[in-house]
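Chemist: A structural model of the following input is requested.
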Amino acid sequence: MTYVIHGATGAQGAPLLARLIRSSKHAVAAVRNISAIKNVPAIAVDNGSVDSLIEAYRGAEGVFVHLPVVAEVDRLQYAQNIAQAIALAQPKRVVISTSGWVVDEPDSPLQSPTESAIATLIREVRQTGVSLAVVAPRLFFENLLNPVVLGPVKTQGILCYPLRADYPVSWSSHLDVAEVVER
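Modeler: Modelled structure (predicted):
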């Protein structure tokens, strides 16, 4: 059985794909252009095409989804397409990463709106009846390496990170997310 990994060339999907392959799982990178990926199994998918997604998901043991960083209108369309494909293809399990969006704290100032792409994806996949897990990391250690964050640390000795002082938060790394998703 196959594990289909969205974003397998990116920060969240790549560590997961590597873990699954090391664990002798048949995992494939779900990518737009398979010629752009080397040394790992890949399948071409188009998040804009339900048929493309159904083809990738049919018979899959698991599907890992995190939405790409694109305009919200596109993310919403992708979320709807992915959910529709899951409903029709019925993979055994789906794991969704919220990629830092807050979906489980209604009173949080960072709560994603109910009509957002990530909230829509979770809600619509839940309605398919397919086994679903949602991984909800808040902040990634890797964010500290972004130039906009690291620059002032180096030049001014100041960590400028957009968190209120009274907002408790847990950090995770992309490797932490990959370990949780694999399990």
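
Chemist: most remote residue from the chain's center?
Modeler: Distance from the C-alpha centroid of the chain, by CA atoms, centre = their mean, peaks at Gln156 (33.5 Å).

Chemist: Could you report the pLDDT at that one?
Modeler: Note for Gln156: predicted pLDDT of 88.

Chemist: any idea how far it lies from Val180?
Modeler: Noted for Gln156: a distance of 35 Å to Val180, by CB to CB, to the nearest Å. Yep, even glycine has a C-beta here, placed from its N, CA and C like the rest.

Chemist: now Val31
Modeler: Applying CB to CB to Val31 and Val180 gives a distance of 22 Å.

Chemist: ok, now Leu150?
Modeler: Leu150 is 26 Å from Val180, by CB to CB.

Chemist: same thing with Asp46?
Modeler: Using CB to CB, one gets 28 Å for the distance from Asp46 to Val180.

Chemist: residue boundaries of the strands in the protein?
Modeler: Ranges of strands within the chain are 2-6, 26-31, 42-44, 60-65, 93-97, 131-135, 139-140, 171-172, based on DSSP state E.

Chemist: Highest mean neighbour count out of the ones you listed?
Modeler: Of all those, strand 2-6 has the most neighbours on average by mean count of other CB atoms under 10 Å, namely a mean of 26.

Chemist: Give me the residue at the spatial middle of this protein.
Modeler: Central residue of the chain (CA atoms, centre = their mean): His66, at 2.0 Å.

Chemist: my guess is that residue contacts Val95, does it?
Modeler: No: here His66 does not reach Val95: they are 9.2 Å apart, not a contact under CB atoms under 8 Å.

Chemist: quick one: low-confidence parts of the protein?
Modeler: By pLDDT under 70, the weakly predicted segments of the chain are 1, 101, 105-114, 138, 140-142, 162, 175.
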